[in-house]
Each structure stands twice: as C-alpha cells, then as structure tokens.
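Colleague: curious how this folds, go ahead:
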Amino acid sequence: MTIADFRRMALGMPEATESAHMGHPDFRVRGKIFATIWPGEGWGMVKLTPEQQREFVLAEPKIFAPVKGGWGLRGATTVRLEEADKATVRRAVGTAWRNTAPKKLVERREAV
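Modeller: I've put the predicted structure just below:
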C-alpha cells in the first residue's frame, strides 16, 4: 500500500479535507484530525481509542503499533503502509473517521 492509497482513502471519507501540521499532511473532518501521513517515511497514523488500538495491534502486529509516548497511550496508532493491505487500512481509517466525525454525520453515512 502507498502513501497515495492512504491519502485517497482518507479523503474518500465524508467531509474529509487535507490540511497540515508539524510539517506533514493530516486529514480532518470538520476541523478535527482523524489521520496523518509521513510521506518521506512511508507510514500513517490513525486516531483510535486505546481499546480499538489493542484490537488492531493484536490482529495485525506487522501493520499497526502504538505511536510512541503519550499520544500512543491515548490511541494514536502507526500504520506501516508497506506491510498493509487496502482492506485492513480502509477499516482503520474508517474507524478513526467515525471516532472523530460528529455523531449525526456518522449516523447519516451509516444509514446510506
């Protein structure tokens, strides 16, 4: 999987926009970050809950790992794109988007 694939997935989420902070692209829904990428390093990050993070890491330890430090303890999760398949990353990006998007927007998407 590539950085371009990750970017397309993130921007494919309802109302997703690309912005940037700290020198790398991020993806937001209504101004709140749900994912980021580090193009030069070949990895992304998804914003999960700690419980969701544990589930993804246990299921796919070659793909997912907690971000180092406090952000990782709160659920920020590294996605090693070279190791990943699109279906697995799509599920993680979708989960991160649902965690971040307003409840009514999530409900509208899931009703479709």
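Colleague: surely Leu81 meets Ile3?
Modeller: Yes - contact status for Leu81 versus Ile3: in contact at 6.6 Å, counting by CB atoms under 8 Å. Quick note: C-beta positions are derived from backbone N, CA and C, even for glycine.
Colleague: overlap in contacts, these two.
Modeller: Common neighbours of Leu81 and Ile3, counting by CB atoms under 8 Å, 6 or more residues apart in numbering, are 42, 44.
Colleague: the two: who's more crowded?
Modeller: Leu81 (20 against 17; other CB atoms under 10 Å).
Colleague: helices of the protein, start to end?
Modeller: 3-11, 50-59, 70-73, 86-100, 103-111 (DSSP state H).
Colleague: which elements pack onto the shortest one?
Modeller: Based on contacts counted as 3 or more CB pairs under 8 Å, 6 or more residues apart in numbering; DSSP states H and E, there is no element that helix 70-73 packs against.
Colleague: need the residues that contact that helix.
Modeller: 50, 53, 66.
Colleague: adding neighbour count, distance to Thr100 and pLDDT, write those out as CSV.
Modeller: Shown next, in CSV, are the contacts of helix 70-73 (neighbours: other CB atoms under 10 Å; distance: CB to CB, whole Å; pLDDT from 0 to 100):
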residue, neighbour count, distance to Thr100, pLDDT
Pro50, 14, 15, 97
Gln53, 25, 14, 97
Pro66, 19, 18, 96
